[in-house]
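# need the 3D shape of this:
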Amino acid sequence: QVQLVESGGGLVQPGGSLRLSCAASGTFFSIFSIYAMGWYRQAPGQQRELVAGITTSGITNYADSVKGRFTISRDNAEKRVYLQMNSLKPEDTAVYYCNAYRATSLTKYDYWGQGTQVTVSS
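Got it, this is the predicted structure:
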């Protein structure tokens, strides 16, 4: 059993902030720290895109469109990953998905949450 549950989405005015949270649970997440985590988003009619990622050692990367505005972090003890979003723009409107990924020499583990809607509008 594997579960990723996102929360924290909602409606916010341009320039506002939101903090998304993703909680991991289930047998495969008994050692959460071995998974690379990421936040993706998908706007209507567009492909899903990577917003931010964080490796098992805490190295982060961001899409150019969110650099300087979004911050990804993780709490391995709580089995959570966060996305702090500041200076939000209407073009940030999308469904945001949490992803957990791990690859071994034998197989890959790739899990997704159900998504949380973020709407930036005045």
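# taking the centroid of this structure, which residue is nearest it?
Trp39 (2.3 Å; Cα atoms, centre = their mean).
# elements contacting the helix or strand harbouring it?
Following DSSP states H and E, one finds Trp39 within strand 36-42. If you count contacts as 3 or more Cβ pairs under 8 Å, 6 or more residues apart in numbering; DSSP states H and E, strand 36-42 packs onto strand 18-26, strand 49-54, strand 70-75, strand 80-85, strand 94-103. (Glycine included, C-beta is placed from N, CA and C.)
# deepest of those, which one?
strand 80-85 (a mean of 22; mean count of other Cβ atoms under 10 Å).
# give me the helices and strands touching it, please.
strand 18-26, strand 36-42, strand 49-54, strand 70-75.
# hmm, try it at 10 Å
strand 2-7, strand 18-26, strand 36-42, strand 49-54, strand 70-75, strand 94-103, strand 116-120 (3 or more Cβ pairs under 10 Å, 6 or more residues apart in numbering; DSSP states H and E).
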